[in-house]
Structures are given as structure tokens and as C-alpha cells.
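S.K.: With the input below, show me the fold.
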Amino acid sequence: MKPLFFLILILLVSSNMNAQFNELWHKTHNGKGDYSDVFTCMTTDDAGNVYAAGYSMEIGENANFLMAKYNSSGTLLWHKTWNGSGNGPDQANAIQFANNRIYATGYVNSTIVGHDFFT
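M.R.: Numbers count the residues shown, from 1 in each chain. Next comes the predicted model:
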């Protein structure tokens with residue numbers, strides 16, 4: 001419940017500070033594993049699209065790096081997950097929109113060295 005509350009709170013604050021603080025929209029994300037899915041960070045672009053990143057639990061896998069894009073009305077436009085070669089916990093920790101590109105960073109688990117930076 002905390003991640004959903006956090007997402008709603010950020011949307012309210014980042015949406016030009018709607019004077020009455022009315023909820024513009026809210027969404028939940030349920031990955032293929034039907035387990036915990038958490039957005040740990042988010043940003044917006046100039047068109048009002050919302051980019052969120054974090055992790056999604058998959059069946060037979062650990063947490064996978066997750067990125068999603070919603071339009072200004074809250075419609076999911078796309079989402080993508082990445083599973084490191086070590087099948088360990090993978091997670092996005094920061095996301096930024098700059099120069100018409102979306103950048104996310106975090107870590108993935110590899111079979112060779114354990115956790116690696118992932119951008």
C-alpha cells in the first residue's frame with residue numbers, strides 16, 4: 001500500500017500543483033508473477049507522461065528491473081523488465097528524463113561478479 005500511496009502523492013505534487021489537490025489518476029502494476037511490484041522512483045517529461053521504475057517479482061525468478069511509461073491520463077503506454085544473468089534481485093533506484101531520453105539506473109545481479117550497476 002505504501003508504494004501506491006507514494007505514487008499517488010508524487011503525481012499530485014508533480015502535476016502543476018492542482019490547487020484543490022484532486023487526484024488526477026492512479027494505477028497499480030501487477031507483473032506476470034502476481035507478487036510484489038514496487039516503483040521506487042518516478043519522473044515526468046514535458047508532455048506530462050510519467051515514467052516509473054523499480055522492480056517486479058516474476059514466477060521462478062527474483063526481483064527484476066522494471067520501467068514503465070504512463071501518459072498524462074494514466075494509460076500504460078509500455079513497460080519493460082530486465083533479469084540479470086544471476087537471476088538475483090535486480091532493481092531500478094533512480095530515473096530521469098533529459099534531452100528527450102529516459103535514463104534509469106540501479107543494479108542487476110550477474111552470475112560472474114554479483115551485483116553490477118545497470119543504466
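S.K.: what's across from the residue most central in space within the chain in the sheet?
M.R.: Taking CA atoms, centre = their mean, the centroid of the chain lies closest to A53, which sits 1.8 Å from it. For A53, the beta-bridge partners are C41, M67 (DSSP bridges).
S.K.: Now do the SS call for the nearest residue to A68 once chain neighbours are set aside.
M.R.: Among residues not flanking A68 along the chain, H79 sits closest, at 3.9 Å (CB to CB, 6 or more residues apart in numbering). C-betas here are computed from N, CA, C, even on glycine. Here H79 is strand, with the state taken from DSSP: H, G, I helix; E, B strand; the rest coil.
S.K.: again, but for H29
M.R.: Under three-state DSSP, H29 falls in the coil class.
S.K.: Model confidence for the nearest residue to Y103 once chain neighbours are set aside, exactly?
M.R.: Residue nearest to Y103 in three dimensions, not counting chain neighbours: Q96, with 5.0 Å by CB to CB, 6+ apart. According to the prediction, Q96 has pLDDT 93.
S.K.: Could you say which helix or strand holds Q96?
M.R.: Assigned by DSSP states H and E, Q96 falls within strand 91-98.
S.K.: where do the strands sit along the protein?
M.R.: Listed in chain order, the strands of the chain (DSSP state E) span 37-44, 50-57, 63-70, 76-82, 91-98, 101-110, 114-118.
S.K.: Okay, and the beta partners of W78?
M.R.: Residues in beta-bridge contact with W78 (DSSP bridges): K69.
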